[in-house]
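Participant: for reference, the sequence and a predicted model appear below.
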Amino acid sequence: MSALALDAEALYAELLRGVRSLVNPQTRLVGIVSGGRWLAERLQSDLGLAAPAGAISSAMHRDDFAKRGLAASGQTVLPFDVDGADILLLDDVLYTGRTLRAVLNELFDYGRPQRVRLAVLVDRGGRQLPVAAEFAAARVALPADQSLELARSEDGRFSFRVEQRG
């Protein structure tokens, strides 16, 4: 499947189907800023979960913080007690695993969850760390010099942007 042919709305529908079996009334959805946050918010509504979705930023724990600095896209907001929580992390694209490592460090700054799982729209391979998603709506291969990002229109519809890296 070519990255340009990815239908983000169809993949969201697949993600919704896939995470139904991963959530229960005690599960707390936490989206990785920014695409994952959008997914968590929409899933929380579509699944009819009472608890609000949280958002988590990788900025403070990134191994390239000196180069990237703080992102203006959002900060961590966890509207629940992390200690003992069953957390389902959501992200748009899983690639090297470095963002997930940083997010886990951020999450544990807030407490010790009972369980943390990951669901993503797209797993593009290329892992540099030993992490895997519990559920991925699609698996695609992209050249290392391309990035894949989720975009959201004003009406809330998802699409993908593929960009060439410098």
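Facilitator: Now that the structure is in, tell me what you want to look at.

Participant: all contacts plus neighbour counts: C-alpha atoms, from now on.
Facilitator: Fine.

Participant: against residue 90, how distant is residue 159?
Facilitator: For residue 159, the distance to residue 90 equals 16 Å [Cα to Cα, to the nearest Å].

Participant: look at those two and report which has more neighbours.
Facilitator: Neighbours were counted for residue 159 and for residue 90 using other Cα atoms under 10 Å; residue 90 has more, 32 against 17.

Participant: quickly list what the more buried one is bridged to.
Facilitator: Beta bridges link residue 90 to residue 31, residue 119, judged by DSSP bridges.

Participant: would you map the strands across this structure?
Facilitator: All strands of the chain, identified by DSSP state E, fall at 27-32, 54-56, 86-94, 115-123, 135-139, 146-152, 158-164.

Participant: any chance of those strands in a markdown table, with mean pLDDT and distance to residue 74 too?
Facilitator: Putting those into a markdown table (pLDDT from 0 to 100; distance: least, Cα to Cα, whole Å) gives the following:
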| stretch | mean pLDDT | distance to residue 74 |
| --- | --- | --- |
| strand 27-32 | 98 | 10 |
| strand 54-56 | 97 | 8 |
| strand 86-94 | 98 | 14 |
| strand 115-123 | 98 | 19 |
| strand 135-139 | 97 | 24 |
| strand 146-152 | 94 | 15 |
| strand 158-164 | 92 | 19 |
